[in-house]
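Colleague: just the structure for this:
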Amino acid sequence: MAKLETTRITKLYTFRGLERDEAESVFCRRSCAIAGVEGIQIGESIIDPATAASGALLIDEPRSP
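Modeller: As a prediction, the model looks like this:
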């Protein structure tokens, strides 16, 4: 089962070329950068708990060749 933690995003940025622009919101599938979330790992998601779907996406460790 996934562990939920409450945190606060302190800054949100979108990209224009290589430049970052501070933003208030970001549309789905748009690349963005965030600040204020510590310890997030690949495979973890940042979601609005009011719209969260149940269940977690589990990612296996890479296999050796």
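Colleague: quick check: closest non-adjacent residue to the residue nearest in space to the middle of the chain.
Modeller: Most central in the chain under C-alpha atoms, centre = their mean is Ile46, positioned 4.0 Å from the mean C-alpha point. Taking C-beta to C-beta, 6 or more residues apart in numbering as the measure, Ile46 lies nearest to Val37, with 6.6 Å between them; neighbours along the chain are not counted. Every residue, glycine included, has its C-beta placed from N, CA and C.
Colleague: need the contact list for that neighbour.
Modeller: In this structure, Val37 makes contact with Thr7, Ile9, Ile46, judged by C-beta atoms under 8 Å, 6 or more residues apart in numbering.
Colleague: let's have those residues in CSV, adding distance to Arg63 and secondary structure.
Modeller: What follows is those, written out as CSV (distance: C-beta to C-beta, whole Å; DSSP: H, G, I helix; E, B strand; the rest coil):
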residue, distance to Arg63, secondary structure
Thr7, 32, coil
Ile9, 34, coil
Ile46, 28, coil
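Colleague: any idea how far the residue nearest to the centre of the chain lies from Gly36?
Modeller: Ile46 is 10 Å from Gly36, where distance means C-beta to C-beta, to the nearest Å.
Colleague: re earlier: next up, phi/psi of the residue nearest to the centre of the chain, please.
Modeller: Ile46 has phi and psi values of phi -110, psi 120 when expressed as degrees, to the nearest 10.
Colleague: let me know the pLDDT of it.
Modeller: The model reports Ile46 with a pLDDT of 81.
Colleague: that one touches Arg8, doesn't it?
Modeller: No: applying C-beta atoms under 8 Å as the test, Ile46 and Arg8 come out as separate, 10.9 Å apart.
Colleague: low-scoring pLDDT stretches of the protein, where are they?
Modeller: 1-2, 51-57 (pLDDT under 70).
Colleague: if we use 80, what do you get?
Modeller: Counting by pLDDT under 80, the low-confidence segments of the chain come to 1-4, 42-43, 45, 47-59, 65.
Colleague: longest strand anywhere in it?
Modeller: Once the chain is assigned using DSSP state E, the strand that runs over the most residues is strand 11-16.
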